[in-house]
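>>> here's a sequence, model it:
(one chain, ligands or ions: 1)
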Amino acid sequence: MLRLHDNLTSGNGYKVRLLLAQLGRPYQRIEYDIDKRETRTPAFLAKNPNGRIPLLELEDGSFLPESNAILWYLAEGSPFLPPAGDHRRRADVMQWLFFEQYNHEPNIATVRYWITHRVPVTPLIELSIPAKRANGHAALAVMEGHLATRTFFVGERYGIADIALYAYTHVAGEGGFDLGPYPNVRAWIDRVAAQPRCIPITQG
Ligand SMILES: N[C@@H](CCC(=O)N[C@@H](CS)C(=O)NCC(=O)O)C(=O)O
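Residues are numbered from 1 along each chain as shown. Now for the predicted structure:
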């Protein structure tokens, strides 16, 4: 059986839990306390030298890190990813997965983490916050523009690009990002939440 090394507060972990729920795939979940640095022990680093969850342990005992790589792996051959021959749409999915990891998550998820985990505000964090806020809003503005004429991110069909972006967008308010100015994003959030077997971020 698949095993997911995870943390219940993590949006990156939630991406994988959400897709597994929607695929109806059974798995075993192993919780790590990231505040206690449980992903930085020698035992965990032997599984993922990058010291982070989510980490998917496959049936053959091998390990796959990186939330969006895990989404891609699990979605292959399912309705959540365009089929192998559809090169253009698959590249479009990649585009949004990279956007999420470069423009969105490092800003929106990081500020949420600092606030919700009550990380002590060091001078470096204090200095970083204005840029993170500006960059996070810039990412939301890109999403808002894209969704002005679309129902979902790629090919008018719900899939892993939506899952990757939904994870931290729907809880952006927890990091102090007001979604008020983004009506298209808010309507898309409602459409994603209405998908069959959508689970809340806190559900294991
Ligand atoms: N790019 C990675 C980011 C993973 C990541 O940042 N995981 C965080 C939780 S959301 C973590 O494990 N933090 C613990 C640590 O860095 O020690 C992904 O998308 O999976």
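
>>> if I look at Ala131, how far off is the ligand?
18 Å (CB to the nearest ligand atom, to the nearest Å). The way it works is simple: take the backbone N, C-alpha and C, and place the C-beta from them, glycine included.

>>> got the residues of the chain near the ligand?
7, 10, 12, 34, 37, 39-40, 51-54, 66-68, 101 (CB under 6 Å from any ligand atom).

>>> now for the residues you listed, which pair is the farthest apart?
Spatial extent of those (CB to CB) is set by the pair Arg37 and Asn68 at 23.7 Å.

>>> which residue of the two possesses the greater neighbour count?
Neighbours per residue, other CB atoms under 10 Å: of Arg37 and Asn68, the larger number sits with Asn68, 22 against 11.

>>> name the nearest residue to that one, ignoring sequence neighbours.
For Asn68, ignoring the flanking residues on the chain, the nearest one in space by CB to CB, 6 or more residues apart in numbering is Leu97 at 4.2 Å.

>>> what strand or helix carries the one you found?
helix 87-99 (DSSP states H and E).

>>> show me where the protein has its helices.
11-23, 42-47, 67-75, 87-99, 110-116, 123-146, 160-169, 183-193 (DSSP state H).

>>> just checking, Gly173 touches Gly180?
No. Gly173 is beyond contact range of Gly180, at 9.6 Å (criterion: CB atoms under 8 Å).

>>> which one of these two has more residues nearby?
Gly173 (12 against 8).

>>> wait, what's in contact with that one?
Leu179 (CB atoms under 8 Å, 6 or more residues apart in numbering).
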